[in-house]
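Peer 1: Here is a sequence together with a model predicted from it:
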Amino acid sequence: MATDTLPEIIEITDAAPEHEPGYRILIHNDDVTPFGFVIVVLRRVFELSREIAEHVTLTAHIKGVALVAVRPRSEAKRLVQKAHLAARLEGFPLTFSIEPEE
């Protein structure tokens with residue numbers, strides 16, 4: 001099991017309306033998913049830099065949850081689904097959630 005690669009995922013995109021309110025994408029800590037895999041998912045799926053991905057991963061590890069990004073609802077849902085699929089294909093319980101931005 002390689003933590004530096006993700007399976008190829010076919011994605012269907014739909015353009016989110018610009019007026020759509022922002023949703024916070026949150027990552028939740030678990031005791032199973034390796035740091036390296038989490039960082040790869042954050043970089044590839046959410047397009048975070050290595051430094052930001054490492055910071056988000058460490059914050060989730062310490063606090064139990066961390067903010068990944070804020071996106072329109074449809075985009076947030078699509079990204080979370082893509083991240084969950086990548087994690088499940090590798091057998092990891094990595095979990096993300098979304099909530100309205102306040």
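Peer 2: On my side now, so go ahead. Numbering: from 1, shown residues only.

Peer 1: C-alpha from now on. contacts and neighbour counts both.
Peer 2: Fine.

Peer 1: these two touch, right, I27 and H61?
Peer 2: No: in terms of C-alpha atoms under 8 Å, I27 does not count as a neighbour of H61; the distance is 9.7 Å.

Peer 1: The two - which one has more neighbours?
Peer 2: A count of neighbours by other C-alpha atoms under 10 Å puts I27 above the other of I27 and H61, at 25 against 17.

Peer 1: Relative to L42, how far out is that one?
Peer 2: Applying C-alpha to C-alpha, to the nearest Å, the value for I27 to L42 is 10 Å.

Peer 1: list residues touching both of those two?
Peer 2: V68 (C-alpha atoms under 8 Å, 6 or more residues apart in numbering).

Peer 1: what ranges of this protein fall below the confidence cut-off?
Peer 2: Within the chain, the ranges that satisfy pLDDT under 70 run 1-18.

Peer 1: which residue ranges form the strands in it?
Peer 2: In the chain, the strands defined using DSSP state E lie at 22-28, 65-72, 95-100.

Peer 1: for stretch 43-62, the distance to its chain's centre please.
Peer 2: With C-alpha atoms, centre = their mean, to the nearest Å as the basis, stretch 43-62 stands 9 Å off its chain's centre.

Peer 1: just to revisit the earlier point, can you list the strands of the chain in a markdown table and add distance to F37?
Peer 2: Shown next, in a markdown table, are those (distance: least, C-alpha to C-alpha, whole Å):
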| stretch | distance to F37 |
| --- | --- |
| strand 22-28 | 13 |
| strand 65-72 | 15 |
| strand 95-100 | 13 |
